[in-house]
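Colleague: Below: sequence and its predicted model.
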Amino acid sequence: MARNYVLLDKEAHKNIKIKQDPSLAHSKSSHLVGVSIREFARAASSVPLVLVKDEAADRYHCTGLYGLVEGVNLYYSPEGWQSHYAPLNLQRYPFDVRPNGEQLSIFIDKDSDLVNEKEGIALFNDDGSVSEYMESRQKLMSELVNSENLTQEFVKTLTELDLIEELRLGIRYASGEQRQLVGLHSISEEKLMKLEDEQVLKLHRNGFLGAMYAMLGSMGQLNKLVQLSQKSEQPIAAIQILPKDTAQAATAEQPAKAN
């Protein structure tokens, strides 16, 4: 369903309630989801963290790889989200923080199935004040904005130090079909190990070094994708990281932009 975000207004939306959905059904077609740097430690233990380049903006985005086919999120299940952690970019929905003139304001997707006037948690109290639930949403989105600003600095640093390299995945399905997933990027551990001591110390002090190793370590969660795929229409037998010089196969696919 297309999003229809409007500025949150305490008069226009005074009767709005938000239904709770532990399955995060709004994410079921999102195979790439933005993950900010302050979430890396939690997210890296459940999902591969990769970089995806936005060619139009000529910049990289940090994302979680939640599926291997566009439009299919393997972590979604009607029974509940299939991980101990969901990124803030999913938790915040149906809200978003967007530019409003010269400032950032909270918007709400008025067409979301979660938004209604009969069932769920109220956004505002009877006296017009912000409800405890809405306060928690404001805090979450403030945390997300701050973390995303730091994430941009993190990506800028990776680019300046030339630490970003292509990541190519070889996928073998239980049916015997094979294909490659291209267009993903990660951190070059080889180049990271060759940095000068002063550079490494600076990365450590600003918290970027730990984030880099969290991203590298998260590749172990490719096995999680294999596991979750067993209930899908295309069960996967194995996923492997291919050598950099591997020739691109005819079945190679480019991932879509992250949400």
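Modeller: Ah, there it is.
Colleague: Burial check on the residue nearest to Ala43 when sequence neighbours are not counted, number of neighbours?
Modeller: Nearest non-adjacent residue to Ala43, counting by CB to CB, 6 or more residues apart in numbering: Val35, 5.0 Å away. Heads up, the C-betas are built off the backbone N, CA and C, glycines and all. Other residues near Val35 number 31, with proximity taken as other CB atoms under 10 Å.
Colleague: and the gap between Val35 and Asp111?
Modeller: Distance of Val35 to Asp111, computed by CB to CB, to the nearest Å: 26 Å.
Colleague: could you point out which element follows the helix or strand containing Ile108?
Modeller: Element membership for Ile108 (DSSP states H and E) is strand 103-109. Downstream of strand 103-109, the first helix or strand assigned by DSSP H and E is strand 115-116.
Colleague: tell me the mean pLDDT over that following strand?
Modeller: In this model, strand 115-116 has an average pLDDT of 96.
Colleague: Kindly report the same for stretch 15-24.
Modeller: 96.
Colleague: Work out the gap between that stretch and the centre of the chain.
Modeller: From the chain centre to the centre of stretch 15-24 is a distance of 20 Å (CA atoms, centre = their mean, to the nearest Å).
Colleague: May I see the buried residues of it?
Modeller: Neighbour-count burial for stretch 15-24, counted by 16 or more other CB atoms under 10 Å, picks out 16-18, 21, 24.
Colleague: from the residues you listed, which is closest to Lys244?
Modeller: Nearest to Lys244 among these is Leu24, at 34.7 Å by CB to CB.
Colleague: Tell me if I'm right that the closest one and Leu90 touch.
Modeller: Yes - Leu24 is within contact range of Leu90, at 5.3 Å (criterion: CB atoms under 8 Å).
Colleague: Please, where are all the strands along this structure?
Modeller: Per DSSP state E, the chain carries strands over the ranges 5-7, 17-18, 32-34, 49-54, 59-65, 95-100, 103-109, 115-116, 121-122, 164-173, 178-187, 236-241.
Colleague: ok, the second one: who's next to it in the sheet?
Modeller: Strand 17-18 has the following sheet partners, assigned by DSSP bridges: strand 115-116 (antiparallel), strand 121-122 (antiparallel).
Colleague: Can you give me the neighbour number for His26?
Modeller: Applying other CB under 10 Å, we find 20 other residues in the vicinity of His26.
Colleague: now it, nearest residue through space, not along the chain?
Modeller: In this structure, His26 finds its nearest non-sequential neighbour in Tyr93, 5.3 Å apart by CB to CB, 6+ apart.
Colleague: Is the one you found in contact with Asp109, as I believe?
Modeller: Yes - taking CB under 8 Å as the definition, Tyr93 is a contact partner of Asp109 at 7.1 Å.
Colleague: rewinding a little: mind putting the buried residues of stretch 15-24 into TSV with distance to Glu102?
Modeller: Supplementary listing: the buried residues of stretch 15-24 in TSV, determined by distance: CB to CB, whole Å:
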residue	distance to Glu102
Ile16	26
Lys17	31
Ile18	28
Asp21	34
Leu24	33
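Colleague: Looking at those, which one is closest to Lys224?
Modeller: Checking these against Lys224 by CB to CB gives Leu24 as the nearest, at 16.3 Å.
Colleague: gap between the closest one and Leu114?
Modeller: Counting by CB to CB, the gap from Leu24 to Leu114 is 10 Å.
Colleague: Spit out the residues that contact the two alike.
Modeller: Taking CB atoms under 8 Å, 6 or more residues apart in numbering as the criterion, Leu24 and Leu114 both touch Tyr93.
Colleague: Name the spans of the stretch 1-150 of the chain whose pLDDT lies under the cut-off.
Modeller: Along the stretch 1-150 of the chain, the parts satisfying pLDDT under 70 run over 1.
Colleague: what ranges do the helices span in it?
Modeller: Assigned by DSSP state H, counting those that start in this stretch, the stretch 1-150 of the chain shows helices spanning 40-43, 88-91, 132-160.
Colleague: a markdown table for those helices, including distance to Gly220?
Modeller: Listed next are those as a markdown table, based on distance: least, CB to CB, whole Å:
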| stretch | distance to Gly220 |
| --- | --- |
| helix 40-43 | 13 |
| helix 88-91 | 22 |
| helix 132-160 | 20 |
